[in-house]
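A.B. asks: With the input below, show me the fold.
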Amino acid sequence: MPSYPRSELEETMQRWLDLNQSCEEQLDWLPLAEMFTEDATYGWNVGPNDEFMAVGRDEIRELAVGLEMQGLGGWSYPYQRILIDEVQGEILGLWKQIADTPRSDGSPYEISGIGGSWFRYGGNHQWSWQRDFFDVGNVTHTYIEMIHHGVLSQGMKDRMERMSSSGRLPGHYPVGKAPVDLWDGVEPTVLGGS
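C.D. replies: Numbers count the residues shown, from 1 in each chain. Predicted coordinates for the structure are as follows:
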């Protein structure tokens, strides 16, 4: 894995953060796809039986930042911490998931726990690989709480209906059956020598 100048990785991450902010404001996540190489992969786990994987920029646009983000317009994902490894060309960004709908006390609905994105840099200010992680149980709990309080937007209601429909959604696979493994291209780190 090639190393990169830290300044290049910092600039790329800042571009990502700025574009995320713009996408949140525009309620349109599709522009994020341009920050991926043509052959990039982007995936995450969705519990013990399901995982998501998009292979290539077109699938990332169509599925990961398209279909998967439908209904989440107005939600924000503020990054809380960024860790950069210029030797491995990787970045870890830790974020929150916050709904635009307030609770009766005025506080926002927020997914508990830690969410994050693990990026591998592919040069030219683009990612070649991204893996997200979040607590599926906490996501489910918050969605159920919002349903119970009757505060889901129509987009979220449509999302829930789509998610509960029979069959797997595009890009979703049984665990271990995706076209690219979640750990594809990750070599275990060994500390302390040979």
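A.B. asks: how about residue 122, what does it touch?
C.D. replies: By Cβ atoms under 8 Å, 6 or more residues apart in numbering, the contact list for residue 122 reads 36, 37, 40, 128, 129. Bear in mind the C-beta positions are built from the backbone N, C-alpha and C, glycine included.
A.B. asks: can we see that at 6 Å?
C.D. replies: 37, 128 (Cβ atoms under 6 Å, 6 or more residues apart in numbering).
A.B. asks: same check, this time on the one 4 residues further on
C.D. replies: Taking Cβ under 6 Å, 6+ apart as the contact definition, residue 126 lies against 35, 36, 37.
A.B. asks: ok, what's across the strand from the second one?
C.D. replies: To tie it back to what came earlier, the one meant is residue 36. Assessed by DSSP bridges, residue 36 has beta-bridge partners residue 127.
A.B. asks: what separates it from residue 113, distance-wise?
C.D. replies: 26 Å (Cβ to Cβ, to the nearest Å).
A.B. asks: which of these two has more neighbours?
C.D. replies: residue 36 (26 against 14; other Cβ atoms under 10 Å).
A.B. asks: And that one, how close does it get to residue 186?
C.D. replies: 18 Å.
A.B. asks: which one among the contacts of residue 126 gets closest to residue 3?
C.D. replies: Nearest to residue 3 among the contacts of residue 126: residue 37, at 17.6 Å, using Cβ to Cβ.
A.B. asks: wait, the closest one sits on residue 128?
C.D. replies: Yes: assessed by Cβ atoms under 6 Å, residue 37 is found in contact with residue 128 at 4.8 Å.
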